[in-house]
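In: would you be able to build a 3D model of this:
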Amino acid sequence: MTVESVRPEDTAATAEPPVAGGAVPLLGHGWRLVRDPLAFLSQLRDHGDVVRLKLGPKTVYAVTTPALTGAVALSPDYIIAGPLWESLESLLGKEGVATANGPLHRRQRRTIQPAFRLDAIPAYGPIMAEEAYALVERWRDADGVLDITYESFRVAVRVAARCLMRGGYMDAHADRICADLTTLFAGMYQRMVVPLGPLYKIPLPANREFNRALADLHVLVDEIVADRRASGQKPDDLLTALLEAKDDNGDPIGEQEIHDQVIAILTPGAETVGSTIMSLLLVLTEHPELGDKIRDEVKSVVGDRPVAFEDVRKLTYTANVVTETLRLYPAVWILTRRAVADTELGGYRIPKGADLIYSPFAVQRDRRSYERNEDFDPDRWLPERSKDVPKYAMSPFSVGNRKCPSDHFSMAELTLVTAVVAHAYGFEHASDSDPRPRIGITLRPRRLMLRALPR
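Out: Take a look at the predicted model:
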């Protein structure tokens, strides 16, 4: 067993994990996580399967191997908490499915899961296809350079909103949601790795902009809920399910829980999917041969008609491009947990209350798990090759009871959008494009400005 609860009398015989080098006074390892977090996290496995980090006054345990990150995700001794979730709490609240634990989380999963069942997803297909083709048509009419940050988040928000919270009012809200989340996710990462609370209360321009975006997003959510109630409509969507949900006593769930749940729907739909679409477009730009192969596959599978949702399961090469993008450019690149019992992890003692951190980015690029680990190779996901990938070395949607409930929804959306876009266009960087990683709570290109070249 890699993770087990340990009795107090056993803990004295369990070793402490080694401390990573490079800490500085006051900030500890936080400065490394601000300066170059991807490189820092990627080299931690060279120092041990579990290592200790200092983030300001806190000691945090970094978990570096696929087996141990999987064990942490599956063990009931670790809950959603720690620096990441503390930084996100002002956005996600404490009563949404993303941050809740225990019985509340289980009840919330039961409420939202029907919207993401495999047999429910085909009903969203026409909306996904319509939005993908609307994206293509808007680019056809565009003159010059495309701001891919705006375009990616716009389509992601529209798909999530139209599928899960149906209503035309989302058109007016989509741009504000994207702008607010862009500001918030940048500020929250800094609050996670440099947890100096009083610093963020000073009325500096960055803090004022963060607070403005946070307040505006919460107002938007209240408007969405109020608009639905005022309409008197009850479409078969996730928002209706939330408004009609009952708590464990059979009473309607509270307004705060509804609010936090809507935030939990919009946030992954806008930020994680939008970030992944940006990374996919970067991949198509820097590896134009991939777009050629996707176009050939679409022609073979679909012919001359538009791509439909029913085609997605046959677009295997396109899906492998998406999967390889998720491996090398995971939007959710850092995660934290908190121990609720004294535990042993990989032979080391983890005390109750300790915070743990691990990086899907580092795990999914580890040379010990992947041959040519830095190369973009969609064929590594062919059945005969993917079986060699170590367990938990590829978990872009997490595992266990915290697995993203929209994993199949997101894969279908990403595959469909990729097929439609790559069939219509090739891409090249504009002069002011900056494809370097932008480090926030999520990972995406810094400033992706492209020209779409009709095929």
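In: which parts of the stretch 351-455 of the chain are helices?
Out: According to DSSP state H, counting those that start in this stretch, the stretch 351-455 of the chain carries its helices in the segments 360-364, 383-386, 407-424.
In: so for residue 307, which of those sits nearest?
Out: helix 407-424 (5.1 Å; CB to CB). C-beta coordinates here come from the backbone N, C-alpha and C atoms, glycine included.
In: who are the packing partners of the closest one?
Out: helix 125-141, helix 148-164, helix 273-286, helix 288-302, helix 316-328 (3 or more CB pairs under 8 Å, 6 or more residues apart in numbering; DSSP states H and E).
In: ranking those by mean pLDDT, which is last?
Out: Among the helices and strands packed on helix 407-424, helix 148-164 has the lowest mean pLDDT, at a mean of 86.
In: check the offset of that one from the chain's centre.
Out: Its chain's C-alpha centre and that of helix 148-164 lie 14 Å apart, by CA atoms, centre = their mean, to the nearest Å.
In: pull out the buried residues from that helix.
Out: Going by neighbour count (16 or more other CB atoms under 10 Å), the buried part of helix 148-164 is 148-149, 151-164.
In: now do the same end-to-end measure for stretch 32-42.
Out: End-to-end distance for stretch 32-42: 12 Å, by CA to CA, to the nearest Å.
In: averaged pLDDT, that stretch. What do you get?
Out: Rounded mean pLDDT across stretch 32-42 is 91.
In: contacting residues around that stretch?
Out: The contact list for stretch 32-42 (CB atoms under 8 Å, 6 or more residues apart in numbering) reads 22, 29, 55, 62, 190, 193-194, 333-334, 359, 361-362, 365-366, 437, 439, 443.
In: so which residues of the stretch 1-150 of the chain form strands?
Out: Secondary structure of the stretch 1-150 of the chain, counting by DSSP state E, counting those that start in this stretch: strands at 3-5, 50-55, 58-63, 78-79, 146-147.
In: phi, psi for residue 254 please.
Out: Phi and psi for residue 254, reported as degrees, to the nearest 10, are phi -70, psi 160.
In: distance of it relative to residue 262?
Out: As judged by CB to CB, to the nearest Å, residue 254 and residue 262 stand 13 Å apart.
In: what is in contact with these two at once?
Out: Here residue 254 and residue 262 have no joint contacts, going by CB under 8 Å, 6+ apart.
In: neighbour count for these two, which is higher?
Out: Comparing residue 254 with residue 262 by other CB atoms under 10 Å, the one with more neighbours is residue 262, at 23 against 11.
In: tell me the SS of the more buried one?
Out: What DSSP: H, G, I helix; E, B strand; the rest coil gives for residue 262 is helix.
In: how far away is it from residue 379?
Out: From residue 262 to residue 379 the distance is 40 Å (CB to CB).
In: ok, now residue 222?
Out: Distance from residue 222 to residue 379, by CB to CB: 48 Å.
In: higher neighbour count, those two?
Out: When residue 222 is set against residue 379 and neighbours are counted by other CB under 10 Å, the residue ahead is residue 222, at 14 against 11.
In: and the pLDDT at the residue nearest to that one when sequence neighbours are not counted?
Out: With sequence-adjacent residues excluded and distances taken as CB to CB, 6 or more residues apart in numbering, residue 222 is closest to residue 259, at 6.8 Å. For residue 259, the model assigns a pLDDT of 85.
In: contacting residues around residue 259?
Out: Counting by CB under 8 Å, 6+ apart, the residues that residue 259 touches are 93, 218, 221, 222, 225.
In: which of the helices or strands spans residue 337?
Out: strand 335-339 (DSSP states H and E).
In: hmm, who's touching that strand?
Out: Contacts for strand 335-339 (CB under 8 Å, 6+ apart): 60, 72-73, 77-85, 192, 350-360, 398.
In: ok, now stretch 371-386?
Out: With contact meaning CB under 8 Å, 6+ apart, stretch 371-386 is reached by 283, 287, 290, 317, 319-321, 323-324, 328, 365-367, 370, 389.
In: just the buried residues of that stretch, please?
Out: Going by neighbour count (16+ other CB under 10 Å), the buried part of stretch 371-386 is 376, 377, 378, 380, 381.
In: ok, those vs residue 237, which is closest?
Out: The shortest approach to residue 237 among the buried residues of stretch 371-386 belongs to residue 381, at 32.2 Å (CB to CB).
In: picking that back up, of the contacts of stretch 371-386, which is the nearest to residue 231?
Out: Distance to residue 231 across the contacts of stretch 371-386 (CB to CB) is lowest for residue 319, with 37.0 Å.
In: my read: that closest one touches residue 417, true?
Out: No - look at residue 319 against residue 417 with CB atoms under 8 Å: they stay out of range, at 12.0 Å.
In: higher neighbour count, the two?
Out: Taking neighbours as other CB under 10 Å, residue 319 and residue 417 compare with residue 417 leading, 29 against 21.
In: quick check: end-to-end length of stretch 30-49?
Out: Start and end residues of stretch 30-49 are separated by 20 Å (CA to CA).
In: pull out the buried positions in it.
Out: Quick answer for stretch 30-49 (16+ other CB under 10 Å): 30-33, 37-38, 40-42, 44-45, 48-49.
In: from those, which land in helices?
Out: Of the positions in the buried residues of stretch 30-49, 30, 31, 32, 33, 37, 38, 40, 41, 42 sit in helices, assigned by DSSP state H.
In: between the lengthiest helix in the chain and helix 148-164, how big is the angle?
Out: Secondary structure assigned by DSSP H gives helix 205-231 as the longest helix of the chain. In terms of direction (axes from the mean of the first three to the mean of the last three CA atoms, to 10 degrees), helix 205-231 departs from helix 148-164 by 30 degrees.
In: what's downstream of helix 205-231, the next helix or strand?
Out: helix 238-243.
In: fine by me, we can end here.
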